[in-house]
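> Fold the following and give me the result.
(2 chains)
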Amino acid sequence: MKAGFFKQTAIAPLIMFRIIFGAMLLFSSLRFIMKGWVETQYIEPQFFFGYLGFEWVKPLQGNLMYIPFVIMAIAALFIMLGLFYRVSTFIFFVCFTYVELLDKSNYLNHYYFISLMSFLMMLVPAHRDFSIDAKLFPKIRTKETASWHIGILKFQLAVVYIFAGLAKLNADWFFEAQPLRTWLQAHHNLPLVGGLLQEEITAYFFSWFGCIYDLFIVFFLMYKRTRPFAYVAVIVFHIVTWLLFPIGVFPWVMIFSTTIFFGVKFHQQLLNGLKKLFKWTEKLPETIKSIPSPKPFVKYGIILFSAIQILVPMRFLAYPGDLFWNEEGFRFSWRVMLMHKEGHATFYVTDKASGRTIEINNTDYLTVRQEDQMMTQPDMILQFAKILKKEFDGKTFSNSEQSITLRDPAVHAEVFVSLNGRPSQLFIDKKHDLTELPYNLKHRNWIETFEK
Amino acid sequence: MLKRSVGYVLLLSVALLFSCKDKVGKDEDNTPFNKGDMLKNVSANIILPSLSQFDADISELKSSFITFKNDPTSANLEEVKMHWKSGYLTWQTLKIFDFGPIRNIGFKSATGTYPVDASKIQSNINAGTYNLASASNLDAIGLSALDYLLFNDQALSEFQTNAAYVVYTDEVIQKLSSETQTIVNGWSTYRGTFNESTGTSSTSAFSEFVNEFNRDYELAKTAKIGIPIGKANLGLTNPEYVEARYSGISFELLVESVKALKVTYNGSGGLGFDDYLVNLERTDLDDIINDKFDIIISKAEGFSMTLEQAINDPSMVNQLDELYLHLQQQVVNIKTDMTAAFGVLITYQDNDGD
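Sure thing, here's the model as predicted:
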């Protein structure tokens, strides 16, 4: 595998991927701004749920938050055009990842995917043909590139699909057809297909087919003979999910990204077509610098990256209890559209001295989106409790008769959660003072046990 | 790993064949349900009747006030108060539907914001210049402003001697009346949109209906009872936050509000959320929700005094807390369990998910 990874291969697929990927990044950055989400997700919130170890990542003040998004759009355009490619990919990666690290209530697997892909794009020379860089500095032009430059991108896509498939191998998905049964029946008013979507058997079919698709699609895309059928399946699968579920651009990201699996010939022809269109003159440098033999750190870097990609989604195995319920090791693991969780959390801030309590209206402090995410995720529940403690410490409450100042308040929460259509169960008991509990990666034994 | 997965899938295929067989019979008993039919029922048999009742109440309020203006007797004031009260009770059935025409003009907050700011009303009247449409005057207009204007101790003598007081009251009623007309007109065109909008996105009428139903319930719980009894204030009571404090009808309003929510939930006898739950094989939940509504209504009807009197009576603390606890427990039933079963996104903003 190592030898194969450094073999020379045509650069065309990488060039085409740069153009496609850059265009997608540009489209989604502009879409995000136009939809007003910078405002609703990064300017309106009063508090942010940082990631453990990354709480130092803070938002910019007010409308300054538009800056990283505008920079992203410009960088994406530059990536597409291949202009200052290495710098543009680096800037895009930094801005995008910065924004994602601000608030875990905005976490989406496809954002994590984009973060990883832009990181990888930063490392591969996708600007060495048909780019403005190649026009300005003809010396960098080349027809070939190391096969790991393309292989690592395919690997990343394979990780996404296969882990998404493995994640579906669970009893709810297979034997209850949940959460798809809940989600599909909600479409029963669609003309023609509505009645079908309401049928239980349809939910089973979608669940099972979705799982098989995720597990095996990469293999079918890799073999030339099955590739055309596999790609049709990719298009159909993702368009169906796009029509039925609120998953934004993700289906399109996958439909376009999987073109990297196409053969060299296909990409070569496409690239030649584009070159003709833009009257690109082939001027290869007289002496093509032979690619230096790979340095060991590249090899180790690839191994390390791949190992992390495989181990991170499996870290849930280190935790006891139900993964969907406790959500320990849930994020960054390609668990896409996997469960339907609704919760209701009531927080109580208590004055330890008098034993008097305040019931919190969560939306006084959080946006509806943040509240919705927080109510089913234990780490966010803990974070919110700590936010409340800070907010209420030293606050004075009064009516016409008396006034009490809160000092060092305790914060309790009573949380009920419904998972995959089951009746709701107690998730967090009111007995715990959440301010006393540690916020770390250890198993959280204060979450109530899940009863199937 | 792969080989094992293939084996797993094959094994499960067999299991599926069996698991499906068991369930065929169950589906036959399902009551037919369709969100489109439910929306049609809700608009035709709940929203529009409530709206036309409110419209009628407000126009009677308006005409009784004209009578009273010309002949400011105590008997005529009682007439105004009576129409105000029936309007306020009808409002409990209408305020659930804060979407479409009602949301477009901010009718819910313009009509039903409380507690009323009596000193703001007095200073508006004294100044003689005010803009009732401005956001800062939301707690000086609407039905709560009329609660103060019609029911405070000095009301009758103010009406008889203070022209500015009469003008202010008149303008509050005029505003209410003209906005009601806007809603009536708006619904005549919006009705079709509402009936058709059965989708799953957060902006579909069905999602908005579910979300606003929940929101109105939570508002009833928090604002009508929770805040006045001090739930947000370390248990220090806030009688000045009581709704309709001057007329003292706050318990009646609470009962009416919960009854209206119950009727809406049950589709007023036609297709409603209850039928959807039954269709989804969640009859258990439907029973829990209806039982809880009944308990809340009977607890709320169990007070033989005004809410303010109950708050100020230390012996009533437990009874109020008990009422609040039941109100609180229902939130989980409707906001978590019911919406989870429907597959509705509880969110008021559009966004991507995965």
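
> ok, the residue in the stretch 151-300 of chain A that chain B sits nearest to - how many residues close by?
Proximity of the stretch 151-300 of chain A to chain B (C-beta to the nearest C-beta) peaks at A:Gly248, 3.0 Å away. Any C-beta I mention is one placed from the backbone N, CA and C, and that applies to glycine too. A:Gly248 has 20 neighbours, counted by other C-beta atoms under 10 Å in any protein chain shown.

> So which bits of stretch B:191-202 are buried?
B:191, B:194-195, B:197-200, B:202 (16 or more other C-beta atoms under 10 Å in any protein chain shown).

> The stretch 201-350 of chain A: helices as residue ranges?
A:227-244, A:250-257, A:264-277, A:296-311, A:323-326 (DSSP state H, counting those that start in this stretch).

> would JSON lines of the ones you listed with mean neighbour count be doable?
Converted to JSON lines, the helices of the stretch 201-350 of chain A look like this (neighbours: other C-beta atoms under 10 Å in any protein chain shown):
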{"stretch": "helix A:227-244", "mean neighbour count": "16"}
{"stretch": "helix A:250-257", "mean neighbour count": "20"}
{"stretch": "helix A:264-277", "mean neighbour count": "14"}
{"stretch": "helix A:296-311", "mean neighbour count": "13"}
{"stretch": "helix A:323-326", "mean neighbour count": "21"}
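
> I'd like those helices laid out as CSV, including mean pLDDT and distance to A:Met72.
Compiled in CSV, the helices of the stretch 201-350 of chain A are given as follows (pLDDT from 0 to 100; distance: least, C-beta to C-beta, whole Å):
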stretch, mean pLDDT, distance to A:Met72
helix A:227-244, 95, 23
helix A:250-257, 94, 15
helix A:264-277, 96, 24
helix A:296-311, 94, 23
helix A:323-326, 96, 33
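
> export those helices to JSON lines and tack on distance to chain B?
Formatted as JSON lines, the helices of the stretch 201-350 of chain A follow (distance: least, C-beta to the nearest C-beta, whole Å):
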{"stretch": "helix A:227-244", "distance to chain B": "8"}
{"stretch": "helix A:250-257", "distance to chain B": "6"}
{"stretch": "helix A:264-277", "distance to chain B": "26"}
{"stretch": "helix A:296-311", "distance to chain B": "11"}
{"stretch": "helix A:323-326", "distance to chain B": "14"}
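
> Could you measure from the nearest residue to A:Thr142 once chain neighbours are set aside over to B:Ser74?
Excluding the flanking residues, the one nearest A:Thr142 by C-beta to C-beta, 6 or more residues apart in numbering or on different chains is A:Arg128, at 4.7 Å. According to C-beta to C-beta, to the nearest Å, A:Arg128 and B:Ser74 sit 93 Å apart.

> Same check on A:Arg31?
A:Arg31 is 64 Å from B:Ser74, where distance means C-beta to C-beta.

> More neighbours: which of those two?
Between A:Arg31 and B:Ser74, A:Arg31 has the larger neighbour count (other C-beta under 10 Å), namely 14 against 11.

> hang on, that one in a helix?
Yes: counting by DSSP: H, G, I helix; E, B strand; the rest coil, A:Arg31 falls inside a helix.

> Tell me the predicted confidence for residue 352.
As the question left the chain open, I've gone with chain A. Each residue has a pLDDT score; the one for A:Lys352 is 93.

> wrong one, chain B
We have a pLDDT of 63 for B:Asp352.

> Specify the local secondary structure of B:Asp153.
Following three-state DSSP, the label given to B:Asp153 is coil.

> Run a quick neighbour tally on it.
The number of residues packed near B:Asp153 is 8, by other C-beta under 10 Å.

> same check, this time on the one 4 residues further on
Burial measure for B:Ser157: 11 neighbouring residues, criterion other C-beta under 10 Å.

> Could you measure from it over to chain A?
27 Å (C-beta to the nearest C-beta, to the nearest Å).

> So what does that residue look like in phi/psi?
phi -70, psi -30 (degrees, to the nearest 10).

> next one: the one 4 residues further on
Backbone dihedrals for B:Thr161, given as degrees, to the nearest 10, come out at phi -120, psi -20.

> what's the closest non-adjacent residue to B:Ser197?
Excluding its sequence neighbours, the residue lying closest to B:Ser197 (C-beta to C-beta, 6+ apart) is B:Ala205, at 3.5 Å.

> pLDDT below threshold where in chain B?
The model of chain B has pLDDT under 70 over residues B:1-31, B:345-354.

> show me what contacts residue 313?
Since you didn't name a chain, this refers to chain A. Residues in contact with A:Pro313 (C-beta atoms under 8 Å, 6 or more residues apart in numbering or on different chains) are A:159, A:163, A:167, A:332-334.

> wait, chain B
By C-beta under 8 Å, 6+ apart, the residues touching B:Asp313 are B:Met305.

> just A:Leu102 next, same as before
A:42, A:48, A:50, A:57-59 are the contacts of A:Leu102 under C-beta under 8 Å, 6+ apart.

> returning to that earlier point: for the residue of the stretch 151-300 of chain A closest to chain B, phi and psi?
Dihedral angles for A:Gly248 - degrees, to the nearest 10 - are phi 50, psi -130.

> and it, what pLDDT?
85.

> do you know how far the residue lying closest to A:Ser131 once chain neighbours are set aside is from A:Gly151?
Distances taken as C-beta to C-beta, 6+ apart place A:Gly82 nearest to A:Ser131, at 2.2 Å, with adjacent residues excluded. Distance, A:Gly82 to A:Gly151, using C-beta to C-beta: 21 Å.

> Can you pick out the residue with more neighbours from these two?
Taking other C-beta under 10 Å, A:Gly82 and A:Gly151 do not tie; A:Gly82 has more neighbours (23 against 20).

> For the residue of the stretch 101-250 of chain B found nearest chain A, list the residues it contacts.
Chain A sits closest to B:Thr198 of the stretch 101-250 of chain B, with a gap of 3.7 Å, by C-beta to the nearest C-beta. Shown in contact with B:Thr198 (C-beta under 8 Å, 6+ apart): A:189, B:35-36, B:39, B:204-206.

> Mind checking which of the residues you listed are in strands?
Among the contacts of B:Thr198, DSSP state E puts none in strands.

> how about the residues you listed in CSV, adding neighbour count and distance to B:Thr237?
Formatted as CSV, the contacts of B:Thr198 follow (neighbours: other C-beta atoms under 10 Å in any protein chain shown; distance: C-beta to C-beta, whole Å):
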residue, neighbour count, distance to B:Thr237
A:Asn189, 22, 47
B:Lys35, 24, 43
B:Gly36, 16, 47
B:Leu39, 23, 41
B:Ser204, 21, 41
B:Ala205, 21, 39
B:Phe206, 23, 39
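
> so where is the stretch 101-250 of chain A shaky, pLDDT-wise?
Judged against pLDDT under 70, the stretch 101-250 of chain A has no low-scoring part.

> what does it have sitting close to chain B?
Applying C-beta under 8 Å from any C-beta of the partner chain, we find that the stretch 101-250 of chain A lies next to chain B at A:108-110, A:165-166, A:169, A:174-175, A:179, A:182-183, A:185-189, A:200-201, A:204, A:208, A:211-212, A:215, A:245-250.

> Give me the buried subset of those.
The neighbour-count test (16+ other C-beta under 10 Å) applied to these identifies A:108-110, A:165-166, A:174, A:179, A:182-183, A:185-189, A:200, A:204, A:208, A:211-212, A:215, A:245-250 as buried.

> Remind me what the one helix or strand A:Ile19 maps to packs against, helices and strands.
Per DSSP states H and E, A:Ile19 falls inside helix A:12-34. Contacts defined by 3 or more C-beta pairs under 8 Å, 6 or more residues apart in numbering or on different chains; DSSP states H and E place helix A:12-34 against helix A:66-81, helix A:109-123, helix A:147-167, helix A:250-257, helix A:264-277.
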